[in-house]
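> Have a look; sequence and predicted model below, questions after that.
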Amino acid sequence: MNTLTIFRKELNSYFRSPIAYGVMAFFALITGYFFYIAVAYFVQMGIQSSMMGQSQPMNVNESVIRPLFGNISVIGLFIIPMITMRLFAEEKRTGTIELLITSPVTDLEIILGKWLAAVALYASILLVSLLSMVTLFMYGNPDWRPVLVGYLGLLLQGGCLLAIGTFISTWTRNQIVAGVAGFSVCLLLWVLDWLSSFQDSVGAKVVAYLSVLQHFDSFSKGVLDSKDILYYLSAIFIGLFLTARSLESLRWRA
């Protein structure tokens, strides 16, 4: 019950401020642009194939949907720090963190309530891209199953980075600092995969395995892989566990 109360409070605070609407507008603008570019390229390639007498139809999922999911996951690197930067930093800035951690609620209830509200906002933002998908299904014939798998991957990846951003938000009372630090960590987890492109050592492969990019690739193809699901769930657990330890230290200092 306490988790649900905190969840509602956090979600309402997002939509009472310009944060949610600004982020949604930014997301809609960028994804709309990428969708237009992907569709325009798909149509152009289709016309060229027809003129050259090629009878093999182009795949909408591979040519449009998969690149779009890849672009959305990149946009998430910028959106997620904007969502998480205020979760605990704002509480510390306004001085309400002491009231929160001394109230009759557990650390787990506080963390889950705030994290779930952030996940709900991120899921709401992802829903904006459904307008593009609906257009594809109206005028094309894509396979719907890879679309569902792709959205599941986006949600798991987002939940992972949101958990890490929630932990970072407990470090400071400055939202800008929390946002920049969150973006830096998200970017680092993204580019770790690049190490395996020019090194083939065991250490490079281990570091690359920690990259959120590597584990999203199968989702963007419409493939469900248990190791990728386990990676994201483990990262979510670790992020929330570290948040609990950080909040515990705040409780002791209070």
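That came through fine.

> all contacts plus neighbour counts: C-alpha atoms, from now on.
Will do.

> Now name the helix or strand holding residue 229.
helix 226-253 (DSSP states H and E).

> hey, where'd the helices end up in the stretch 1-150 of the chain?
Ranges of helices within the stretch 1-150 of the chain are 2-15, 18-51, 60, 66-84, 89-94, 96-101, 107-127, 130-139, 144-169, based on DSSP state H, counting those that start in this stretch.

> re the thing from before, what are the buried residues along the helix holding residue 229?
By neighbour count on 16 or more other Cα atoms under 10 Å, the buried set for helix 226-253 is 228-229, 231-233, 235-236, 238-244, 246-247.

> show me the contacts for the spatially most central residue of the chain.
With distances taken as Cα atoms, centre = their mean, residue 158 lies nearest the centre of the chain, 2.3 Å away. The contact partners of residue 158, taken as Cα atoms under 8 Å, 6 or more residues apart in numbering, are 76, 80, 119, 122.

> of all those, which two lie farthest apart?
76 and 119 (12.0 Å; Cα to Cα).

> what angle do the lowest-mean-pLDDT helix or strand in the chain and helix 226-253 make?
Every helix and strand in the chain was compared by mean pLDDT, DSSP states H and E; the lowest is helix 202-209, with a mean of 73. Interaxial angle, helix 202-209 versus helix 226-253 (axes from the mean of the first three to the mean of the last three Cα atoms, to 10 degrees): 80 degrees.

> next SSE after helix 202-209?
helix 212-220.

> That following helix - contacts with which helices or strands?
Contact here means 3 or more Cα pairs under 8 Å, 6 or more residues apart in numbering; DSSP states H and E; on that basis helix 212-220 packs against helix 66-84, helix 144-169, helix 175-191, helix 226-253.
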